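Student: Can you look at this prediction? I've put the sequence above it.
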Protein chains: 2
Amino acid sequence: MNSRSAMRLARLQEALSRGGTIHLSEAARLCGVSEMTIRRDVVASEGTMTLLGGRLVMADNPQYAPAYNLDEQRDSHYLAKQRLCQCAEAFIEDGDTLFVDCGTTLMPLVSSLAGDKTLTVVTYALNVANAVSRLPHVRLVLLGGLYHSSSQSFGSDDMAGAIQRLGINKAFISAAGVHVERGVSCFHFHEVAPKRAAIEAAGKRILVADDSKFGVIRPAYFAQLDEFDVVVTNGGVGERLSRRPSDDTTLPRIMVA
Amino acid sequence: MNSRSAMRLARLQEALSRGGTIHLSEAARLCGVSEMTIRRDVVASEGTMTLLGGRLVMADNPQYAPAYNLDEQRDSHYLAKQRLCQCAEAFIEDGDTLFVDCGTTLMPLVSSLAGDKTLTVVTYALNVANAVSRLPHVRLVLLGGLYHSSSQSFGSDDMAGAIQRLGINKAFISAAGVHVERGVSCFHFHEVAPKRAAIEAAGKRILVADDSKFGVIRPAYFAQLDEFDVVVTNGGVGERLSRRPSDDTTLPRIMVA
DNA sequence: CACAAAATGTTAGAAATATAACACTTGATG
DNA sequence: CATCAAGTGTTATATTTCTAACATTTTGTG
């Protein structure tokens, strides 16, 4: 991706940040380039924007994403996450202050936070913040710092302290690796502090991870599995874990989506 | 509108109620009719659904803020802001750590930060952060806190302290009101702390405000005009201010875009 | 400045979508 | 039962969008 291309994309993204679409011809005029260049920019955007009938739309705008509830086989990963989040949603109650972890796993959860509850979402992820900022009925607290594009999240020295000062009620944690003996891990070390602080501060800790994460180990450990109250997962892993002997208390409650 | 047509629409709207799009062919298969019939249903739906590139989308999802109006943005001094920012850009040098204020005025500035400089952008505005996060060559520090949708920015108790701890080099400040005697003001009180802290911390303070802001007074004062090193503006106001006597040192340097 | 590489613009053709016209089916009604 | 009208399907055509190829411009470098 070119620097000018990135500039144009940033401008167009700004224009689309509150939703809606822009026709190729408008975008081209706005940026002072040809429609073909905008097309190439969209390809270079690596999925942050897409074209739909000659109009630019933000890829993370669920209004314009393909509806997966029809052809369930199409994108199993996305669908799995959606089911996981539908399952996790059951824990959300009126008045909750939720910690929402970074990554894409929990995006369906925040995109569909119901309007009939009074909720506060605490996050250190830019994509989560953007989704929540579009929900006028949900209070948003973003924990800032230096931006890490790899995980679309922020990191700072005082992240743990900031989380402790907030009255976090329930923590929804995601992970890149979950191993029953070795614990729960993620890719980036700057995620460890906020994850740990949220796990320690929250009254209820909910780990949301699809079956592809199980048995996997990533560089940055941040918790043992028994530190969670609930694990929401799916597929064969979930079935296997949930069939453990009932007197086994080393594992949290397993929910299979 | 037909009763069968209404039933099909209800069914499709249900499928789309969580967001997403359905291709005409899928919708036709789902309802057991031809694509042409779905097209006619959409026309009969009186705007509740529209077609976009052969896909059905809900016309306006109330979950989202009203669709961005490109023309309104352009008419509302968009071109002036672009010129102002082109002018302000001249102050940016390699290695700078820039504070960028909230609002729409400075968006063209951050969208076009050149790739040949090593830059850090500090901001408390979500729209600014989004634009900068798309530029891989610019370091981004976001000052978090509670989100205020009115200004797309964050506010917190320790905002001023956090800014002081950063080595901010140049501050680009925007304003909703600029009055030569009464000072510079904005709409929202939570913006005062970060603006003031940035003005006090930065080596160079640049106020960017188009002519429509001059002579206007807004609820929250945050600075006197002489606290700035440069004022970038345009139009008649700029001409008038810049023609002041050269021995008048009560005003900063005026740049007319 | 010359050169190469990258980015952008232009054009033409392919594919998909939109529109219009007309034929067929269905169901209500006298 | 005949008839009509509304609804639907089919076909053809127009329009738009997409893709690929090539020409041109800009940018970076020695």
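Tutor: Sure thing, it's come through. Everything numeric in this text was worked out from a predicted model, so none of it was measured.

Student: Pick out the residue of chain A closest to DNA strand D.
Tutor: A:Gly54 (3.1 Å; C-beta to the nearest atom of the strand). Bear in mind the C-beta positions are built from the backbone N, C-alpha and C, glycine included.

Student: So that residue sits against A:Glu26, correct?
Tutor: No: A:Gly54 lies out of contact with A:Glu26 (C-beta atoms under 8 Å); the separation is 10.4 Å.

Student: following the helix or strand hosting A:Glu14, which helix or strand shows up next?
Tutor: A:Glu14 is part of helix A:3-16 when elements are defined by DSSP states H and E. For helix A:3-16, the succeeding helix or strand toward the C-terminus, using DSSP H and E, is strand A:22-23.

Student: So that following strand, near DNA strand D or not?
Tutor: Yes: applying C-beta under 7 Å from any atom of the strand, one finds strand A:22-23 touching DNA strand D at A:His23.

Student: Give me the mean pLDDT for stretch A:155-167.
Tutor: Across stretch A:155-167, pLDDT averages out at 94.

Student: Which residues does that stretch contact?
Tutor: Residues from elsewhere that reach stretch A:155-167 (C-beta atoms under 8 Å, 6 or more residues apart in numbering or on different chains): A:97, A:99, A:122, A:124, A:141, A:143-146, A:148, A:190-191, A:193-194, A:196-198, A:200-201, B:144.

Student: Endpoint to endpoint, it covers what distance?
Tutor: End-to-end distance for stretch A:155-167: 20 Å, by C-alpha to C-alpha, to the nearest Å.

Student: tell me which residues in that stretch are buried?
Tutor: By neighbour count on 16 or more other C-beta atoms under 10 Å in any protein chain shown, the buried set for stretch A:155-167 is A:155-156, A:159-160, A:162-163, A:166.

Student: Between all of those residues, which two are separated the most?
Tutor: A:Gly155 and A:Leu166 (16.9 Å; C-beta to C-beta).

Student: Near DNA strand D, which residues of the stretch 51-200 of chain A? Just list them.
Tutor: Going by C-beta under 7 Å from any atom of the strand, the residues of the stretch 51-200 of chain A near DNA strand D are A:51-54.

Student: Might you list the low-confidence residue ranges for the stretch 1-150 of chain A?
Tutor: Within the stretch 1-150 of chain A, the segments meeting pLDDT under 70 span A:18, A:67-79.

Student: for it, what spans make up the strands?
Tutor: Listed in chain order, the strands of the stretch 1-150 of chain A (DSSP state E, counting those that start in this stretch) span residues A:22-23, A:49-52, A:55-58, A:97-100, A:119-123, A:138-142, A:145-148.

Student: Tabulate the ones you listed (JSON lines), appending distance to DNA strand C.
Tutor: Formatted as JSON lines, the strands of the stretch 1-150 of chain A follow (distance: least, C-beta to the nearest atom of the strand, whole Å):
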{"stretch": "strand A:22-23", "distance to DNA strand C": "13"}
{"stretch": "strand A:49-52", "distance to DNA strand C": "10"}
{"stretch": "strand A:55-58", "distance to DNA strand C": "11"}
{"stretch": "strand A:97-100", "distance to DNA strand C": "35"}
{"stretch": "strand A:119-123", "distance to DNA strand C": "33"}
{"stretch": "strand A:138-142", "distance to DNA strand C": "32"}
{"stretch": "strand A:145-148", "distance to DNA strand C": "23"}
